[in-house]
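the sequence isn't on hand, but the structure is:
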């Protein structure tokens with residue numbers, strides 16, 4: 001029986017330390033210059049629950065995704081950031097942030113989140129490398145990968161807006177990399193991150209298809225269900241009904257702003273909406289806009305099936321990378337910071353020795369094609385939707401190379 005000491009290391013301790021340097025530098029450069037609207041949404045949600053105002057957790061402006069609504073939300077905005085978007089996560093997320101708000105201030109939480117995001121970038125790159133290479137990432141390659149992703153508009157946007165996307169996708173990447181050798185930690189991490197951003201739930205389904213990853217999948221499913229159950233008991237089931245109604249409402253709408261990277265958002269880029277809203281909501285769209293994400297998902301998943309049939313030795317690596325990227329790229333709301341998940345197919349292309357393909361893809365992740373937000377600076381994108389294009393290209397390239405190559409061996 002394999003003991004804990006015998007289990008292979010996924011991320012080396014020097015790698016963890018590597019995350020501290022960019023973390024400290026980023027905190028010092030950005031402190032007081034960020035606009036953490038996205039983190040403010042979670043923070044206000046937590047404060048609302050701590051104050052016992054549960055019925056106001058999902059208050060929202062139905063015509064503006066970037067606008068808070070009602071006096072309850074207004075009473076908390078002054079202590080956070082001016083444009084928090086509506087709270088759309090599960091109530092259990094607000095519960096956790098609410099406990100955090102009892103012990104630290106909002107400004108301190110933003111600083112710690114920035115530090116954690118930089119550490120998460122290292123975890124994401126190291127886990128993606130381990131997934132494909134089945135060994136710990138050399139510190140030189142890891143540093144290069146971290147630097148490359150750090151410079152992307154997706155990561156810089158995460159830092160500027162106070163996003164949790166680096167943490168979520170780092171957790172997902174670690175979970176799929178450690179599922180066979182460390183099912184307990186893999187399952188617990190995946191169960192937690194899936195509650196914050198629902199797309200990682202797709203990984204649980206994929207892992208059930210691989211016998212040596214089933215334990216991790218079971219633990220992930222049980223942990224998420226248990227957290228939801230405890231939360232529902234303590235908060236009541238009514239608030240979870242409101243959450244489902246909120247998700248249903250936003251799923252039936254479209255938005256089109258430069259940082260929105262969903263396929264409908266890109267296709268509706270020139271759709272004029274007469275509104276004073278910062279992020280106006282579009283309620284009706286042509287049928288091709290509605291069907292486009294489903295067609296894209298079908299094409300990528302069919303390509304995955306074909307690639308898995310040919311490349312049997314890397315079926316798992318292909319499945320988790322393509323499914324997570326497809327789920328991310330084809331959801332109704334895709335923000336630029338979601339594109340950081342591209343680390344998984346990029347690692348696959350690196351393993352397949354497609355360095356020039358990687359270089360071309362990275363062009364779409366950097367200014368001037370992608371927008372960039374830095375302290376006191378906003379550079380608009382020359383190519384709206386460049387992040388989505390990069391993610392789809394990376395996923396398609398991974399599948400294309402897998403289909404064209406002879407069956408690979410390790």
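That came in fine, so what should we check first? Keep in mind it's a predicted model, so treat the numbers as computed, not measured. Numbers count the residues shown, from 1 in each chain.

in this structure residue 303 contacts residue 398, no?
No: judged on Cβ atoms under 8 Å, residue 303 makes no contact with residue 398 at a distance of 9.3 Å. To be clear about C-beta, it is placed using only N, CA and C from the backbone, and glycine gets the same treatment.

joint contacts of these two?
Residues touching both residue 303 and residue 398 (Cβ atoms under 8 Å, 6 or more residues apart in numbering): residue 322.

show me what contacts residue 222?
By Cβ under 8 Å, 6+ apart, the neighbours of residue 222 are 187, 191.

cool, and residue 304?
Applying Cβ under 8 Å, 6+ apart, the residues near residue 304 are 318, 319, 322, 323, 326, 399.

element containing the fifth one, please.
Translated: residue 326. helix 315-329 (DSSP states H and E).

and that helix, how far out from the chain middle?
When C-alpha coordinates are averaged (Cα atoms, centre = their mean, to the nearest Å), helix 315-329 and its chain have centres 13 Å apart.

again, but for stretch 194-212
With Cα atoms, centre = their mean, you get 14 Å for stretch 194-212.

span of that stretch from start to end?
Start-to-end span of stretch 194-212 (Cα to Cα, to the nearest Å) is 21 Å.

and that stretch, what's buried?
Burial within stretch 194-212, assessed by neighbour count using 16 or more other Cβ atoms under 10 Å, is assigned to 194-197, 199-204, 206-207, 210.

could you point out which element follows the helix or strand harbouring residue 239?
Applying DSSP H and E as the criterion places residue 239 in helix 238-251. As assigned by DSSP H and E, the chain's next helix or strand after helix 238-251 is strand 254-255.

got a list of contacts for that next one?
With Cβ under 8 Å, 6+ apart as the test, strand 254-255 has contacts from 65, 262, 264-265, 268, 279-283, 285, 289, 332-333.

quick one: which of these sit in helices?
Using DSSP state H, 264, 265, 289 are the members of those that sit in helices.

quick one, what contacts residue 308?
Applying Cβ under 8 Å, 6+ apart, the residues contacting residue 308 are 315, 318, 319.

among those residues, who's most crowded?
residue 318 (23 neighbours; other Cβ atoms under 10 Å).

which residues are in contact with that residue?
Residue 318 touches 304, 307, 308, 311, 348, 398, 399, 402, counting by Cβ under 8 Å, 6+ apart.

now, the most widely separated pair of the residues you listed?
308 and 348 (12.9 Å; Cβ to Cβ).

what does stretch 108-118 contact?
Residues from elsewhere that reach stretch 108-118 (Cβ under 8 Å, 6+ apart): 19-20, 22-24, 26-27, 30-31, 34, 36, 39, 43, 100-101, 104, 150, 155, 158-159, 162-164, 166-167.

just the residues you listed: which are in strands?
Residues of those located in strands (DSSP state E): none.

can I have the buried ones of the residues you listed as a PyMOL selection?
To isolate the buried ones among those in PyMOL, judged by 16+ other Cβ under 10 Å, type:
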select buried, resi 19+22+23+26+27+30+34+36+39+43+100+101+150+155+158+159+162+163+164+166+167
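
may I see the buried residues of the host helix or strand of residue 17?
Taking DSSP H and E as the definition, residue 17 sits inside helix 13-18. Within helix 13-18, the residues scored as buried using 16+ other Cβ under 10 Å are 15, 18.

among the contacts of stretch 108-118, which ones are in helices?
Among these, the ones falling in helices (DSSP H) are 20, 22-24, 26-27, 30, 39, 43, 100-101, 150, 155, 158-159, 166-167.
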